[in-house]
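> Predicted structure and sequence below. I'll ask about it afterward.
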Amino acid sequence: MASGQMITTNRDIDAILIPLGTPVIIPENAQVVITQELGDTFTVSVNGNLARVEGKDADALGLNDANAAKKADKDEIKVATGPADKTEVWLALKKVYDPEIPVNIVDLGLIYDVHIVDTDEGGNHVDITMTLTAAGCGMGPFIVDDVRARTLDVDNVTDVHVDLIFEPPWDKNMMSDEAKLELGMF
């Protein structure tokens, strides 16, 4: 893990400014500090700001993207060969992180429901109902995209719909005990 180390970028990197969700470019030879490397993304501190960097750009940080080959294989058309496993969907969702919080979105209590429906075409459609820690979170669209992508990585899942709701509103009581412990809330 490279967290906490000062790194010089070796090329320009497309990134997302946190918490606004604004696209930015971190230039080649910029000095950054990795503050979080969870899931398939990195949170870096650059010029006093936090930015999210996708795992596919790990090389620009001098790191390897261990998931690159796996992702390349997933670019082919998915064909379902059986039912989707709900437990596997939940495990996939545990690999999604809010870039500001070092706890997965399941343990944060952001996922309200997961429902799998067999389709007439033989696939499996997954409906996910979720929220965010704050309704105005600029990173919300990126977290939803991560939820969709991670769920599509599950065997036999051919389609995903994410319903982002704000009722009931999220509060810290929805977090798992593990999340509270990780964040020092016990």
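That came through, no problem.

> which element follows the longest helix anywhere in the chain toward the C-terminus?
Longest helix of the chain, by residue count under DSSP state H: helix 140-152. Using DSSP states H and E, the helix or strand that follows helix 140-152 towards the C-terminus is strand 159-164.

> can you pull the buried residues of the longest helix of the chain?
Within helix 140-152, the residues that count as buried by 16 or more other C-beta atoms under 10 Å are 140, 142, 143, 144, 146, 147, 148, 150, 151. Where you see a C-beta, it was placed from the backbone N, CA and C, and this is true even at glycine.

> following the lowest-mean-pLDDT helix or strand in the chain, which helix or strand comes up?
When each helix and strand of the chain is scored by mean pLDDT, DSSP states H and E, helix 68-74 comes last, with a mean of 49. Next helix or strand after helix 68-74 toward the C-terminus (DSSP H and E): helix 86-93.

> helices and strands around that following helix, which ones?
strand 111-118, helix 140-152 (3 or more C-beta pairs under 8 Å, 6 or more residues apart in numbering; DSSP states H and E).

> The ones you listed: which one's closest to residue 34?
Ranking the helices and strands packed on helix 86-93 by their distance to residue 34 (criterion: C-beta to C-beta) puts helix 140-152 first, at 17.7 Å.
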